[in-house]
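Trainee: Have a look; sequence and predicted model below, questions after that.
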Amino acid sequence: MSETMKAAIFVEPGKMAVEEVPKARLEKDDDAVVRVVRACVCGSDLWYFRGLSGHPKHSQIGHESIGVVEEVGPEVTSVKPGDFVVLPFPYSCGKCPVCKAGFESVCPHGGYFGASQAEYVRVPEADGTVVKVPGSPEDYDDATLASLLTIADVMSTGYHAAVSAEVKPGDTAVVMGDGAVGLCGVLSAHMLGAKRIIAMSRHEDRAALAREFGATDIVAERDQAAIDKVLEMTGGYGADAVLECVGSKQSFDTAIGLIRRGGVIGRVGLPHDVEISAEGTFYGNIGIKGGPAPVRHYDLNGLLDAVVNHEINPGRVFTAEYDLDHIQDAYEAMDQRKVIKALIRF
């Protein structure tokens, strides 16, 4: 058996490579090793690719994958070699009060994957992390495999935005961001019963998919013009819920401007230069909730079944497919907004 594997390597901003690296292996008794079947490039990876956030040069990258268990440590009881699993982007113990409360993404004993764009992945805290999928990858078509991949991150993150924003049946919800997370946020708001879903998008292909996922309105304006437009559409009151799926100052300032008094902003965009006015939110009774999505919690409580039963098809956000050898092309295509999200097939 080979002692090496192929992996995507972040060389420096703007440059990716594929190299042979030591194969992922068991390091602790509660570890598992998973052979990756599908992975993808995340919008948050682009922060590194664009040089806007720090990432160690000449290191592995990636945090979204599905695959087959290759090997387990002696303390692992929930899965065995051959099992098909989703790997949530956070790993977690599954036993502490934080995990039991449904916030595995901030488990004090856990962390985040950072080497999933590779042939194999080591999974710490396997029993508290992996989500077992019925059957094997061969039992599913490509579309379903793509949708299963989304619940490792973007679908669960979009859903977390909607849950954090407290979307209720009959609500008017605004979704900031038309990337994969934002589009999954539209789908999630629809699942939770929002009557009116306003997607902020100025790209027709993404707007079309937003409509397919349940958006009732598309607003292309930005900044104050966007705020004015939504206020006009809501009788001057603003939206009941806002899903902030970008993380930029521009996006968050817009969200604050168009949320109604007493409304809630669910934020899942990784914050960049965002400042929240305590006084401004106080006098508007505005709620702000959210953070890294507790993927395992949502997958085990509905999202996995919804995908397997073909009730939702979030895999539609993948608009291009690559093999690992063309990882540079995948990053460039997303960076240039030629694709919504790039899938990596193994």
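Mentor: Okay, I see it.
Trainee: looking at this structure, which helix or strand does the model trust least?
Mentor: Here the helix or strand of the chain ranked lowest by mean pLDDT, DSSP states H and E is helix 278-283, holding a mean of 91.
Trainee: distance between that one and the chain's centre?
Mentor: On the basis of Cα atoms, centre = their mean, to the nearest Å, helix 278-283 sits 29 Å off its chain's mean C-alpha point.
Trainee: Please compute how far the helix or strand just after it lies from its chain's middle.
Mentor: Next helix or strand after helix 278-283 toward the C-terminus (DSSP states H and E): strand 287-289. Distance of strand 287-289 from the chain centroid (Cα atoms, centre = their mean) equals 19 Å.
Trainee: Could you do stretch 328-338 as well?
Mentor: Going by Cα atoms, centre = their mean, where stretch 328-338 is centred and where its chain is centred differ by 18 Å.
Trainee: what does stretch 239-258 give?
Mentor: Centre to centre, stretch against its chain (Cα atoms, centre = their mean), the figure for stretch 239-258 is 17 Å.
Trainee: first to last residue in that stretch, what's the distance?
Mentor: Start-to-end span of stretch 239-258 (Cα to Cα, to the nearest Å) is 6 Å.
Trainee: dump the residue contacts of Gly110.
Mentor: 90-93, 104, 124-125, 128-129 (Cβ atoms under 8 Å, 6 or more residues apart in numbering). The C-beta positions use only the backbone N, C-alpha and C, and glycine is treated the same way.
Trainee: Give me the subset of these lying in strands.
Mentor: Mapping the contacts of Gly110 onto strands (DSSP state E) picks out 90-91.
Trainee: Out of the contacts of Gly110, give me the two with the largest separation.
Mentor: Spatial extent of those (Cβ to Cβ) is set by the pair Glu104 and Pro124 at 12.7 Å.
Trainee: coming back round to it: adding distance to Tyr140, write the contacts of Gly110 out as TSV.
Mentor: TSV is the format used below for the contacts of Gly110 (distance: Cβ to Cβ, whole Å):
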residue	distance to Tyr140
Pro90	24
Tyr91	24
Ser92	25
Cys93	29
Glu104	25
Pro124	27
Glu125	26
Gly128	25
Thr129	21
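Trainee: State the helix or strand in which Val163 lies.
Mentor: Element membership of Val163 [criterion: DSSP H and E] is helix 154-164.
Trainee: average pLDDT across that helix?
Mentor: Helix 154-164 carries an average pLDDT of 98.
Trainee: How far away from the center of its chain is it?
Mentor: Put simply, helix 154-164 sits 8 Å off its chain's centre (Cα atoms, centre = their mean).
Trainee: what's that helix packed up against?
Mentor: Applying 3 or more Cβ pairs under 8 Å, 6 or more residues apart in numbering; DSSP states H and E, we find helix 154-164 packed against helix 180-191, strand 239-244, strand 259-267, helix 295-298.
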